[in-house]
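Chemist: no sequence for this one, just the structure:
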């Protein structure tokens, strides 16, 4: 009988590709983001990180770990900003899945329920610069209905 959970090899792959990438990029850019006075670190996460299932356990756990790392980065920005507030922000944008016009054209009868259009994602990414770092730093912004 097959196992109800994904193999640990999935976790190993995601650990290196997703979590380690978030760690290395955030550490590499941390000081530069602060020096700009308006730097942003934006992580795109998945709604599944909040409600893992047996089938997506490795992916959900990796996304949750990357979210935790991103929130810790935001905490660093907050602490280093002192009373004047953070000079940079770490933000998480949460989607269920992404959809674009070509996907809709290929499947005109599909509903893509809860999917986020890529143009909406792009607007949300650029939108984190429209608000002060203090307001967006350390936030999880849902671009899909919460589960």
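Modeler: Structure received. Remember, it's a predicted structure, so these values are computed and weren't measured experimentally.

Chemist: please make it C-alpha for all contacts and neighbour counts, starting now.
Modeler: Fine.

Chemist: figure out the helix or strand that residue 59 lives in.
Modeler: Here residue 59, judged by DSSP states H and E, is contained in helix 57-81.

Chemist: and the next helix or strand after that helix, what does it pack onto?
Modeler: Scanning the chain past helix 57-81 towards its C-terminal end, the next helix or strand to appear is strand 88-95 (assignment: DSSP H and E). In this structure, strand 88-95 packs against helix 20-36, strand 39-46, helix 57-81, helix 133-136, strand 139-142, with contacts taken as 3 or more C-alpha pairs under 8 Å, 6 or more residues apart in numbering; DSSP states H and E.

Chemist: so how far is strand 88-95 from its chain's centroid?
Modeler: The chain centre lies 6 Å from the centre of strand 88-95; the measure is C-alpha atoms, centre = their mean, to the nearest Å.

Chemist: paired strands for it, with orientation please.
Modeler: The partner list of strand 88-95 in its sheet, established with DSSP bridges, is strand 39-46 (parallel), strand 139-142 (parallel).
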